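K.L.:
Here is a sequence together with a model predicted from it:
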Amino acid sequence: MLPVLVGLLIVSLLLAVFLGSENLAFFELTESQATILFDIRLPRVLLGACVGASLAVAGAGLQSLLRNPLAEPYLLGVSNGAALGTMLAFVFFSQFEFARPIFAFAGAGAATFAVYQMAKSRAGMNVERLVLSGVIVTTFLSSIIVLLTSLLDAAKLRSFTFWLLGDLSQGTKNGFYLTFVLVIIGTVILSSQARALNLMMIGERDAFDFGVEVKKVRLIVFAVASILVGSSVAASGSVGYVGLIVPHLIRLLVGSDNRLVIPFSAISGAIFVVLADTVARTAIAPRELPVGAITALIGAPMFIYLLRRS
Amino acid sequence: MFYNQKLAIKNTHGYQLSAISYQLFRIVFPAKNNLRKIHFVILLFICFFSLTACKSANQTAQTEVKMRDIADDLGRKIKIPEKVERVVSLAPNLTENIFAIGAGDRLVGVTTFCNYPEDAQKIQKVGDTMNPNMETIIALKPQIVFVSTASQIETFTKTLEANNITVFVTNPKDLNGVLTNLRQLGEIFGTPERTTILLNELFERIAAVDEQVRDQPKTKTFVQISKEPLFTIGKESFLTEIVERAGGISVTKDVATAYPKISKETALAFNPDVLILSESPDNTEPNDVFKNSSAVKNKKVFKVNADILSRPSPRIVDALEQIAEDLHPQTNDN
C-alpha cells in the first residue's frame, strides 16, 4: 500500500508541475520560464502538498480521539479559530509575515481549549457534548469574522475574503518551509500516539484500563491538530473537506489501525490537494479558481457516497 | 402633569395630538406610582407616532407635480417629475456625475462609498451600493433613485415604486458612456448650460490626449487592481479602453470578465513594460512575481488613485491624462 501511495504522490506532483496556465519548454527553459517554474509553480505545488497532508493528519487524529467520524478541524472550530487569528494578524500586523502563522496557532489553540473546557464535565469527556461545543464555537467564531469584515475597511480586507475560501496562490516560500517542517513533526508525533489512539477508539475507560494516559494523549492530539491546522490556514486559508474525506477513504482501504491511517492520510491528503489545485490553476486559465471550491466540489459528493456505502 | 405642561407650550399639531392622546390614556389607565416609568415610555411612543403621522401628512399634500417620460439605460420607459428636487444616488460614480453637472445640492442620500466631492460626504448615508437601507431611502422621500447595476434593480424597484419613487438605471461603461451619462443627467436635472461647459472641457482634454499619443508606440501595460491575490483588468473592463486611449495596450485585454484573478505565471509571461497600480491600502506595490520584471527594473511602475481609476465619472479623464503621461512622458516637454 505504501509504495502505491508514494508512487501516486510522485505522479501527481509531477503532473502538477507540468501543468499550468503557461506551457513551459522544460528542456530549454528561458529565464522567465525558469522564474515561473521555480519561483511560482513549484513552491505552490509543494505548499499544496503540505497543506493537504496537515489537514488530513489533523482530521485523522481528531476522528480517532473523539470516536466520531464527523470530527474535523472545521467541526471543532479549530479552523475558524485559526482563520480569526490570521485575520487579526492581517489587520494589525500586516507587515510581519510571521504574525499570521503565530496568530493562527494562537487562534486554533484558543478555540480548541474553549471547546475542550466547555465539553469537560465531572463525569469525564462526553463525545456528544464535545461535538456540540465545537459547533457552538465554530458558529460563534464565524459570526465574529463576519462582524469584522463588515466593520473594517473594505479595501484592506478584500484579499482576506478571497483567502478565506482557500487560496494557494497567496502562499510564500517561507509559508511552505514552515508548513513542511510542522507537518513532518506533527505526523511523526501523532503516529507515535497511534497505538494509544487505537485503544482509545474502543472507549476512553477501556483505554485507561489498558494503561493509556488518556489525558496526555488527548492533549497531544489537540495540540498537534491546532498547530497543523493553524499553519495550513495561515498559509492558504480554509481548504475544506480534506480532513474529512481523506482519512475516511484510507480507513476504507486499510482498516482503522491508526499506525497506518495517520501516515497514509498524510500522503493521500497531499495528493488530493495537489490535484485539486492543479484543476484550480488550469480549468479556466489564465484565470484561477479558489482551491477550496474544488476540494468541496469533489469532497461533498464523495462524502455522501461514502456515507451511503457504509 | 409635568409632561403635559411642557408639551402644551408647543403649539404644533403633533404635540397637541400626543398631549391629548396621553390624557386619554391616563383616564383609561390611571397610573400608580410604580407604573410611572411604563407610562413615560408609552408617552414617548405616542409622541413619536403622532409626530411622524403629522409630518408625513404635510408632505404628501405637496407632491402633485407634472411628469415627463424618459428612457433609462436598460431601455425602461419611466416617468420623472418636471422639476427634479430630491434624488438618491446608489453609486459613487453617479454621485460624482450628479455633482459635476451642478445638481449636487439635490442629492438627499448617497452611499457610504461616496467620498467625492467633499460635499458628498456631508449628505445622509443610505448604506452601501450592494446593501442600501430601504427604510432610510423611503424616509428621505426622493423623487428618483439612481442605481448603477442591473442586479440591484429587481429587488429595489418594486419596493421603491410602491412608494412613488422612480428608479433610474444608468451604467456608464466606457469613456463615451460617461459623456452620454452626463448629458442625460443634465437633461434630467435641467442644467444644460453647466453640462455643456463640462462636456466641452472633457472633449478638449480627451482630444489633447489623443493628439499626445497619436504617433507613440503602444506600450505593453499591466493594470494591477489588487496585489494579493493578483487581480487585473479583463476584456469587459472599461479600463482596457482607457489604457488603449492613453497610448498603451492592456496585456490582459483578451482575458474573460471585467476584473479577473489572473494566474501569476501568465502575468509574468506577459512581460509588461509598464505596471499601473490601482492605488488602495492593499495595493501600493507590485506583486512579488514582478520583482525581476523589466517594468520594475526600469522603474516603470505607476500608481493611480483607485477611486479615480475605478469610477466611470468625469475624473476618469484625469486617469486617462495621468496614464498617458506615465506611458509617454517625453511628449509632455513640448
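P.N.:
Done, it's in.

K.L.:
what about the helices in the chain?
P.N.:
All of this is about chain A. Ranges of helices in chain A, per DSSP state H, are A:2-18, A:31-35, A:42-66, A:78-92, A:99-119, A:127-151, A:154-164, A:173-192, A:194-202, A:204-209, A:214-236, A:242-254, A:258-282, A:291-309.

K.L.:
Let me rephrase: I mean chain B.
P.N.:
B:2-9, B:13-28, B:36-62, B:92-100, B:134-139, B:150-162, B:175-189, B:192-213, B:238-245, B:264-270, B:294-297, B:306-310, B:316-327.

K.L.:
Mind telling me which of the ones you listed the model trusts least?
P.N.:
The minimum mean pLDDT among the helices of chain B belongs to helix B:2-9 (a mean of 43).

K.L.:
What ranges in the stretch 51-200 of chain A fall below the confidence cut-off?
P.N.:
By pLDDT under 70, the low-scoring segments of the stretch 51-200 of chain A are A:123-127, A:153-158.

K.L.:
got the residues of the stretch 101-250 of chain B near chain A?
P.N.:
B:226-230 (C-beta under 8 Å from any C-beta of the partner chain). C-betas here are computed from N, CA, C, even on glycine.

K.L.:
quick one: contacts for residue 284?
P.N.:
Since you didn't name a chain, this refers to chain A. With contacts defined as C-beta atoms under 8 Å, 6 or more residues apart in numbering or on different chains, A:Ile284 is in contact with B:Ala256.

K.L.:
meant chain B actually
P.N.:
Contacts for B:Thr284 (C-beta under 8 Å, 6+ apart) come out as B:227, B:277, B:303.

K.L.:
Distance to B:Asn283 and pLDDT added to these, as TSV?
P.N.:
TSV is the format used below for the contacts of B:Thr284 (distance: C-beta to C-beta, whole Å; pLDDT from 0 to 100):
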residue	distance to B:Asn283	pLDDT
B:Lys227	5	89
B:Leu277	6	96
B:Lys303	9	96
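
K.L.:
would you list these in TSV and tack on neighbour count and distance to A:Phe98?
P.N.:
Conversion of the contacts of B:Thr284 to TSV gives the following (neighbours: other C-beta atoms under 10 Å in any protein chain shown; distance: C-beta to C-beta, whole Å):
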residue	neighbour count	distance to A:Phe98
B:Lys227	20	19
B:Leu277	22	26
B:Lys303	18	28
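
K.L.:
Keep only those of those that are in strands.
P.N.:
Residues of the contacts of B:Thr284 located in strands (DSSP state E): B:277, B:303.

K.L.:
ok so, going back, so which pair among the residues of the stretch 101-250 of chain B next to chain A is furthest apart in space?
P.N.:
The most widely separated members of these, counting by C-beta to C-beta, are B:Lys227 and B:Pro229 (8.3 Å).

K.L.:
what touches both of the two?
P.N.:
Joint contacts of B:Lys227 and B:Pro229 (C-beta under 8 Å, 6+ apart) are A:Ser159.

K.L.:
Spell out which parts of the stretch 201-310 of chain A neighbour chain B.
P.N.:
Close to chain B, as judged by C-beta under 8 Å from any C-beta, the stretch 201-310 of chain A has residues A:281, A:284-288.

K.L.:
quick one: which of these is nearest to A:Leu275?
P.N.:
Closest to A:Leu275, out of all of those and judged by C-beta to C-beta, is A:Arg281, at 10.8 Å.

K.L.:
ok, now which ones touch that closest one?
P.N.:
For A:Arg281, the contacting residues are A:19-21, A:44, A:288, B:263, by C-beta under 8 Å, 6+ apart.

K.L.:
contact partners of stretch B:238-246?
P.N.:
Residues outside stretch B:238-246 that contact it (C-beta under 8 Å, 6+ apart) are B:173-175, B:177, B:206, B:209-210, B:213, B:218, B:221, B:223, B:233-234, B:249-250, B:252-253, B:276, B:309, B:312, B:316, B:319-320, B:323-324, B:327.

K.L.:
Recalculate using a threshold of 7 Å.
P.N.:
For stretch B:238-246, contacts defined as C-beta atoms under 7 Å, 6 or more residues apart in numbering or on different chains pick out B:173-175, B:209, B:213, B:221, B:223, B:233, B:249-250, B:253, B:309, B:312, B:316, B:319-320, B:323-324, B:327.

K.L.:
Then stretch B:133-146?
P.N.:
Residues outside stretch B:133-146 that contact it (C-beta under 7 Å, 6+ apart) are B:59, B:80-81, B:84-90, B:94, B:108-109, B:124, B:126-127, B:159-160, B:163, B:165-168, B:170.

K.L.:
measure the residue in the stretch 1-150 of chain A that chain B sits nearest to to B:Ala295 for me?
P.N.:
Nearest residue of the stretch 1-150 of chain A to chain B (C-beta to the nearest C-beta) works out as A:Ser21 at 3.8 Å. Noted for A:Ser21: a distance of 20 Å to B:Ala295, by C-beta to C-beta, to the nearest Å.

K.L.:
Look up how far A:Tyr74 lies from A:Val135.
P.N.:
For A:Val135, the distance to A:Tyr74 (C-beta to C-beta) stands at 10 Å.

K.L.:
more neighbours, these two?
P.N.:
A:Tyr74 (22 against 14; other C-beta atoms under 10 Å in any protein chain shown).

K.L.:
Contacts only, for the more buried one.
P.N.:
Going by C-beta under 7 Å, 6+ apart, the list of residues near A:Tyr74 reads A:138, A:240.

K.L.:
Just the buried residues out of the contacts of stretch B:238-246, in PyMOL syntax.
P.N.:
Provided next is the PyMOL selection string for whichever of those are buried by 16 or more other C-beta atoms under 10 Å in any protein chain shown:
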select buried, chain B and resi 173+174+175+209+213+221+223+233+249+250+253+309+312+316+319+320+323+324+327
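
K.L.:
pLDDT weak spots in the stretch 201-310 of chain A?
P.N.:
Checking the stretch 201-310 of chain A against pLDDT under 70 turns up A:307, A:310.

K.L.:
what's the burial count for the residue in it positioned nearest to chain B?
P.N.:
Chain B sits closest to A:Pro286 of the stretch 201-310 of chain A, with a gap of 3.7 Å, by C-beta to the nearest C-beta. The number of residues packed near A:Pro286 is 25, by other C-beta under 10 Å.

K.L.:
Isn't it up against B:Ala269?
P.N.:
No: contact criterion C-beta atoms under 7 Å: A:Pro286 and B:Ala269 do not qualify, at 8.8 Å.

K.L.:
A:Thr86 against A:Ala235, yeah?
P.N.:
No: with contacts counted by C-beta under 7 Å, A:Thr86 stays clear of A:Ala235, the gap being 9.5 Å.

K.L.:
Assess the claim that B:Lys218 and B:Lys253 are in contact.
P.N.:
No: using C-beta under 7 Å, B:Lys218 is not in contact with B:Lys253, being 11.0 Å away.

K.L.:
what's near enough to touch the residue nearest in space to the middle of chain A?
P.N.:
Nearest to the mean C-alpha position of chain A, counting by C-alpha atoms, centre = their mean, stands A:Leu55 at 2.2 Å. Neighbour list for A:Leu55: A:73, A:229, A:232, A:239, A:242-243, A:269 [criterion: C-beta under 7 Å, 6+ apart].

K.L.:
Other residues contacting stretch B:213-226?
P.N.:
Residues contacting stretch B:213-226 (C-beta under 7 Å, 6+ apart): A:158-159, B:231-233, B:239, B:243, B:246-252, B:259, B:267, B:270, B:272-278, B:282-283, B:286-287, B:324, B:327-328, B:331.
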